[in-house]
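J.: coordinates for the following, if possible.
(one chain, ligands or ions: 1)
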Amino acid sequence: MKIYLDGNYVEETEAKISVFDHGLLYGDGVFEGIRLYDGCVFRLEEHLERLEFSAKAILLELPLTREEFSEVVCETCRRNNLTSGYVRLIVTRGPGNLGLSPLGCKQPTVIVIADKIALYPDEYYEKGLDIVTVPTRRINPAALNPAVKSLNYLNNVLARMEASQHGAPEAIMLNDQGFVSECTGDNIFMLSKGTIYTPDTSCGALKGITRDTAIDIAREFEIPMVETNLTRYDFWTAEECFLTGTAAEVVPVVRIDGREVGNGRPGPLTQRFIDNFRKRACREGTRI
Ligand code: PXG
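T.: Below you'll find the model as predicted:
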């Protein structure tokens, strides 16, 4: 596999970074997870804009322009003969000194990995997910805004481990006020009385690219869509629930904290979202 690393396309075994890289030492950096469908990178501009916003929020000056990033992402896919897969774009503060100050970091590290994707099992889409709320809370936006897709994912990793301890594939994370924010790598939606709801991004959710796509789908279906504060009770008593994310796409949830959602089977509207998303996935891309 060829990896893009700081201007070069190198073999995987040669793709090495410094142990003084602040991405490693402090999780000081930002990233994007992007999908490639049939030779097209899904919503690449949106991913690159989010990368720019994440970088701006952490005062990291990106070493490449939007156009250069776009070209590097596409070229990394081409060099690996990929037509469908997953692209991980990472920008770290770069190598510096031991010590928190990034002043010694002279040059950000840029990494692009394009690989096959380990798809979720078909069963998840056919039967739906059984998920749980975990004790680990989403980080308070005043500490580190979760809208920043930073390399600090320990919070989410711990939450995912707590879900695994209960045999669940995903976890609902609450914010520090106890409202539902999102899952560990997915945003969350619910249907109640003809309206679709999702936590407002001020609840500590990432502004997911797939979330935005689901909002566009709701608009296309002319279904009212509300972004607001939501509680676990709202999700327990919803008629349908689904998650959205680059890896998951749109995936139904049928059980939350031991409570059946609706009749305990993937809902009909969720199925329409899944079908519509898959159509868009092939349409709304940048050809590599
Ligand atoms: N919330 C969080 C915390 C995320 O990390 C999403 C929501 C969904 O956002 P997008 O833009 O993907 O719709 C994410 C994204 C993985 C993986 O390897 C995780 C994400 C993306 C791609 C792969 O599990 N998280």
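J.: what does the chain put close to the ligand?
T.: Counting by Cβ under 6 Å from any ligand atom, the residues of the chain lying close to the ligand are 33, 156, 182, 185-187, 206, 208-211, 244-247. (C-beta placed from N, C-alpha, C; glycine too.)
J.: and the residues you listed, which of them are in strands?
T.: Mapping those onto strands (DSSP state E) picks out Gly33, Glu182, Asn187, Thr244, Gly245.
J.: most widely separated two among the residues you listed?
T.: Farthest-apart pair in those is Gly33 and Glu182; separation 14.5 Å (Cβ to Cβ).
J.: report the buried members of the residues of the chain next to the ligand.
T.: Buried members of those, counted by 16 or more other Cβ atoms under 10 Å: 33, 156, 182, 185-187, 206, 208-211, 244-246.
J.: adding distance to Asn8 and pLDDT, write these out as a markdown table.
T.: Formatted as a markdown table, those follow (distance: Cβ to Cβ, whole Å; pLDDT from 0 to 100):
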| residue | distance to Asn8 | pLDDT |
| --- | --- | --- |
| Gly33 | 22 | 98 |
| Asn156 | 31 | 96 |
| Glu182 | 36 | 97 |
| Gly185 | 30 | 96 |
| Asp186 | 34 | 97 |
| Asn187 | 35 | 98 |
| Leu206 | 31 | 95 |
| Gly208 | 31 | 98 |
| Ile209 | 28 | 98 |
| Thr210 | 31 | 98 |
| Arg211 | 34 | 98 |
| Thr244 | 35 | 98 |
| Gly245 | 31 | 97 |
| Thr246 | 26 | 97 |
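J.: closest to the ligand out of the ones in strands among the residues of the chain next to the ligand?
T.: Nearest to the ligand among these, counting by Cβ to the nearest ligand atom, is Gly33 at 2.7 Å.
J.: now the strands for the stretch 51-200 of the chain?
T.: 85-92, 109-115, 129-133, 171-174, 180-183, 187-192, 195-199 (DSSP state E, counting those that start in this stretch).
J.: the longest one packs against which elements?
T.: Packing partners of strand 85-92 (3 or more Cβ pairs under 8 Å, 6 or more residues apart in numbering; DSSP states H and E): helix 22-26, strand 29-37, helix 44-57, helix 66-79, strand 109-115.
J.: mind listing what it pairs with, with the direction of each?
T.: Using DSSP bridges, the strands paired with strand 85-92 are strand 29-37 (antiparallel), strand 109-115 (antiparallel).
J.: could you do the fourth one as well?
T.: Partner strands and pairing direction for strand 171-174 (DSSP bridges) are strand 129-133 (parallel), strand 180-183 (antiparallel).
J.: ok, and which of those strands has the densest surroundings?
T.: Of the strands paired with strand 171-174, the one with the most neighbours on average (mean count of other Cβ atoms under 10 Å) is strand 180-183, at a mean of 27.
J.: what's in contact with that strand?
T.: 131, 133, 138, 146, 170-175, 188, 199, 203-206, 208, 230-232, 234-235, 243, 245 (Cβ atoms under 8 Å, 6 or more residues apart in numbering).
J.: tell me the buried residues within those residues.
T.: 131, 133, 138, 146, 170-175, 188, 199, 203-206, 208, 230, 232, 234-235, 243, 245.
J.: how about the residue of the stretch 51-200 of the chain found nearest the ligand, nearest residue that isn't a chain neighbour?
T.: Using Cβ to the nearest ligand atom, the single residue of the stretch 51-200 of the chain nearest to the ligand is Gly185, 3.5 Å away. Distance criterion Cβ to Cβ, 6 or more residues apart in numbering; nearest residue to Gly185, sequence neighbours excluded, is Gly245 at 5.5 Å.
J.: do the same with Ser150
T.: Val30 (5.6 Å).
J.: burial count for that neighbour?
T.: 27 (other Cβ atoms under 10 Å).
J.: now Thr210: closest residue in space, sequence neighbours ignored.
T.: Thr244 (3.9 Å).
J.: hey, what's the one you found bridged with?
T.: Here Thr244, judged by DSSP bridges, has bridge partners Asn187, Val250.
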